[in-house]
Every structure is written in C-alpha cells, then in structure tokens.
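**Student:** Any chance you could fold what I've pasted below:
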Amino acid sequence: MANHLKPSSGPQEMKGLNPNDEVAGIAKKLHPAENIMLVGHLPFLEALVSYLVVGTTDKAIIRFQRGGIACLDKDSADRFWFIKWALMPDMK
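**Tutor:** Have a look, this model is predicted:
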C-alpha cells in the first residue's frame, strides 16, 4: 500500500496492533487532523472501531471481511469518532 499511497514520512511500524492487543493505547494516539492509515488484523481492528465510535469494545459495530477498509473521522466538538465509509471486497 505504501508504494501506491506514498506517505510523506514513509510507512512506519506501530506496536500494539496485534489481534488481541488492547485498543485504548492506540486510540489515545490517534488524532483526526492526522491523515493516517492503520493496517492490522482481526479482531483488533473491529474492536478499535467500536472503541472509537461508541467508547467500548463490548458492542461490535462493524464486521470486516478480509481486506476490508473503513474510514473514520471525528468532529472536533465530539468525544467519539464516526464511520465515514467502509468498503469490503465482497460487496454486491
């Protein structure tokens, strides 16, 4: 992906994205003004989206397919993020 997207600072490895890692640490590092892409595995990414959008990992709000992507954003006046769009490989 980095070859096609050509991020200005290049791809960077980030610890804490393993499938069963806690999401709160990564969530605290995210800022909506930074245009970043996180690439990881399930169930971590589903849990992270739930945590960002509703504040808990107890409620699943998205089910990724392998290779699926989601774009999140955050209103600066709000505490929570929202899903702008999602794309799954097997959408029909």
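**Student:** Check this structure for its longest helix and report it.
**Tutor:** Among all segments of the chain classified by DSSP state H, the helix with the greatest residue count is helix 44-54.
**Student:** Using PDB, list the CA coordinates for the helix or strand bottoming out on mean pLDDT in the chain.
**Tutor:** Taking mean pLDDT, DSSP states H and E as the measure, the helices and strands of the chain show their lowest mean at helix 2-5, namely a mean of 83. Coordinates of each C-alpha in helix 2-5 appear next as PDB, following Å, rounded to 0.1, in the frame of the first residue of the first chain:
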ATOM      1  CA  ALA A   2       2.800   2.400   0.800                       C
ATOM      2  CA  ASN A   3       4.100   2.000  -2.800                       C
ATOM      3  CA  HIS A   4       0.800   3.300  -4.100                       C
ATOM      4  CA  LEU A   5      -0.100   5.800  -1.500                       C
END
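**Student:** Following element in sequence after that helix, please.
**Tutor:** Using DSSP states H and E, the next helix or strand after helix 2-5 towards the C-terminus is helix 24-29.
**Student:** tell me which strands and helices that next one is in contact with?
**Tutor:** Applying 3 or more Cβ pairs under 8 Å, 6 or more residues apart in numbering; DSSP states H and E, we find helix 24-29 packed against helix 44-54. (Glycine included, C-beta is placed from N, CA and C.)
**Student:** Show me what the helix it packs on is packed up against.
**Tutor:** helix 24-29, strand 69-74, strand 81-87.
**Student:** Buried by neighbour count: which residues of it qualify?
**Tutor:** With burial defined by 16 or more other Cβ atoms under 10 Å, the residues of helix 44-54 counted as buried are 44-53.
**Student:** Please work out the average pLDDT along it.
**Tutor:** Averaged across helix 44-54, the pLDDT comes to 96.
**Student:** Excluding its own residues, what touches that helix? List them.
**Tutor:** Taking Cβ atoms under 8 Å, 6 or more residues apart in numbering as the criterion, the residues outside helix 44-54 that touch it are 17-21, 23-24, 26-27, 30, 38, 40, 56-64, 70, 72, 74, 80-83.
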